[in-house]
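A.B. asks: Sequence first, then the predicted structure:
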Amino acid sequence: MVATNLYLTPLPLCGNKYSMSPSSSSSNSRVRLSSRHRDPRQTGHPWIYAGHIEETWGNPQAGDVVDVYLAGKQFCGRGFYNSHSKIQVRLLTFHDDVIDAKFFRTRIQSAARLRQRIALSSNAYRLVHGESDLLPGLIIDRYGDVAVMQTLSYGMDQRKELLADLVMCETGVKAIYLRNDAKSRSLEGLPLERGPLRGEGITTVDIFEDDAQFTVDIAEGQKTGWFCDQRDNRAAASKLAKNANVLEVFCHTGAFGVHAALRGAGSIEGIDVSEPALAFARRHAINNNIDQICRYRQADAFQELRILDRSGHRYGMVILDPPAFARSRHAVQHALAGYKELNLHALKLLEPEGVLVTCSCSHHVTETDFLKMIQSAGRDARRQIRIIEQRSQGPDHPVLVSMPETRYLKCCILQVI
């Protein structure tokens, strides 16, 4: 299935409905950085931590816009303030821009234009990717005519009504669902909440990726309901799945396996700890007419891989797509140990010339660390392996070069030789 006119039609014109006068958004508050902190304009990184601020004027409240000055008192930017967070300022601009509705409208339009140019063969994609779209703390995923929004910073959360109106106006979506149940909101001093923000109380949406059909649970599914960032990796892996017996570990709702089955895999065996997710996986197999070769069962991945190895099971492809193991830098070594155990057993399960698709969405785990882990797992498994592809998140999740944190997903496609 090719890209539809969902991506190619011009954006609707909203006129000046949301314009504000400059005076209505001027900042009377400011912060001055310590001399130890580099000029943010030189680094391009939009986060300013509490320890980098020397002085604060004007008694700013959480969510207020503040002007940022260097130690030498030169203006260097403007952003959202939040004393509750370790990240006390999230910069919106390095210029003397007025932060009003027109400002946010322009940024949303820019984000939408990029997704139009990408022309993805799916009606599910990330419309706004936070800092990478110069909208720190704002995540918006689009599923057909429904947008799912997360406001993960105090400043964005205070403006969610305005943002919802702008998104509906600029993109033509019919409904917006709020998924503000991410634990990171607690670090901002924000409550956890979810529910419809605009439109009807829709909780499931049908989507497609190429010729694969899926149903997204926007109310109960992980993150915003779907992992759009793995879309291109699913397609890349499926090209190597023809005639292979595939083991999909942490299968969630079965997306990797569905794509593999539609490209000629001999069988799909999916395991996950979540029975509700597996129910969606079985539903997806039926809806794509591949249920005769797909089997799903509830199991702990670590235990099941060991059991399968001991029982002599072998596969032509193993897919590992675990949740983030490292939520902080302190957890990296423990996370790498977990990744190694999974990959070691997965490599043992592969037939000669079998393919391993292994992923990590922990942004604290670097690509270098991930590759070293794979090398160590291959050595301990006594398997010679070669890399076919090194991949990352899709282009609708762009990476801000000055902010390495925005490049988080690692996906390696390997072959045992």
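C.D. replies: That came in fine, so what should we check first?

A.B. asks: which residues of the stretch 201-350 of the chain fall in strands?
C.D. replies: Secondary structure of the stretch 201-350 of the chain (DSSP state E, counting those that start in this stretch): strands located at 204-209, 212-217, 245-249, 267-272, 294-298, 315-320, 350-360.

A.B. asks: among the ones you listed, which is nearest Gln88?
C.D. replies: strand 350-360 (29.4 Å; Cβ to Cβ). (C-beta placed from N, C-alpha, C; glycine too.)

A.B. asks: what does the closest one rub up against?
C.D. replies: 230, 233, 237, 240-241, 244, 256, 314-322, 324-325, 339, 342-343, 346-347, 370, 374, 383, 385, 388, 409-417 (Cβ atoms under 8 Å, 6 or more residues apart in numbering).

A.B. asks: ok, 7 Å please
C.D. replies: Outside strand 350-360, the residues that touch it by Cβ atoms under 7 Å, 6 or more residues apart in numbering are 237, 240, 314-321, 339, 343, 346-347, 370, 374, 409-417.

A.B. asks: got the CA positions of that strand in CSV?
C.D. replies: C-alpha atoms of strand 350-360 as CSV (Å, rounded to 0.1, in the frame of the first residue of the first chain):
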residue,chain,number,x,y,z
LEU,A,350,19.4,-19.6,15.7
GLU,A,351,19.9,-22.1,12.9
PRO,A,352,23.0,-21.7,10.7
GLU,A,353,22.6,-18.5,8.7
GLY,A,354,19.7,-17.5,11.0
VAL,A,355,18.9,-13.9,11.6
LEU,A,356,18.7,-12.0,14.9
VAL,A,357,16.8,-8.7,15.1
THR,A,358,17.8,-7.1,18.4
CYS,A,359,16.7,-3.7,19.7
SER,A,360,17.1,-1.3,22.6
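
A.B. asks: Pull out the buried residues from the contacts of strand 350-360.
C.D. replies: Among the contacts of strand 350-360, the ones that count as buried by 16 or more other Cβ atoms under 10 Å are 237, 240, 315-321, 339, 343, 346-347, 370, 374, 409-416.

A.B. asks: So which of those residues sit within helices?
C.D. replies: Using DSSP state H, 237, 339, 343, 346-347, 370, 374 are the members of these that sit in helices.

A.B. asks: For those, name the two members farthest from one another.
C.D. replies: Taking Cβ to Cβ, no two of those sit farther apart than Ala237 and Tyr339, at 17.8 Å.

A.B. asks: The residue nearest the centre of the chain - nearest residue in space that isn't next to it in sequence?
C.D. replies: Residue closest to the average C-alpha location in the chain (Cα atoms, centre = their mean): Asp229, at 5.6 Å. Closest residue to Asp229 apart from its sequence neighbours, by Cβ to Cβ, 6 or more residues apart in numbering: Gln393 at 4.0 Å.

A.B. asks: Gln158 too?
C.D. replies: The nearest residue in space to Gln158 (Cβ to Cβ, 6+ apart) is Gly63, at 4.0 Å.

A.B. asks: again, but for Ser110
C.D. replies: That would be Asp133: by Cβ to Cβ, 6+ apart, it lies 7.1 Å from Ser110.

A.B. asks: Surely the one you found is in contact with Arg113?
C.D. replies: No - the pair Asp133 and Arg113 does not pass the contact test of Cβ atoms under 7 Å, sitting 10.7 Å apart.

A.B. asks: neighbour-wise, which of those two wins?
C.D. replies: Asp133 (24 against 11; other Cβ atoms under 10 Å).
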